[in-house]
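Chemist: Quick one: sequence and predicted model below, then my questions.
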Amino acid sequence: MMVKKDEIWVNKDTRQSVLVLWVSDELVTYQAADSQTPVPVRKFIFLQDFEGLV
């Protein structure tokens, strides 16, 4: 699945929604609705932990 900036994704375990702020070939930076801190993570880990809203 393709990750794009400004998309909403959902954590598979917690069902928490996050907003994707930035995407590169290797990294994704996202921010949860209840957080003020952006979280950078490797893209392959993000794709394992999150699912896109269809």
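Modeler: All right, it came through fine. Every value quoted in this text rests on a predicted model; they were computed, and no experiment measured them.
Chemist: Spit out the contact partners of the closest residue to residue 24 other than its chain neighbours.
Modeler: In space, and not counting its chain neighbours, residue 24 is closest to residue 43: 7.6 Å by C-beta to C-beta, 6 or more residues apart in numbering. The way it works is simple: take the backbone N, C-alpha and C, and place the C-beta from them, glycine included. Counting by C-beta atoms under 8 Å, 6 or more residues apart in numbering, residue 43 touches 3, 23, 24, 25, 26, 27, 28.
Chemist: Model confidence score at residue 43, please.
Modeler: With respect to pLDDT, residue 43 scores 98.
Chemist: With residue 54 instead?
Modeler: pLDDT at residue 54 comes out at 69.
Chemist: buried residues in stretch 10-18?
Modeler: residue 18 (16 or more other C-beta atoms under 10 Å).
Chemist: Would you check the distance separating that stretch from the middle of the chain?
Modeler: 9 Å (C-alpha atoms, centre = their mean, to the nearest Å).
Chemist: returning to what we had before: what are the phi and psi values for the residue nearest to residue 24?
Modeler: Note on residue 43: its backbone torsions stand at phi -60, psi -40 [degrees, to the nearest 10].
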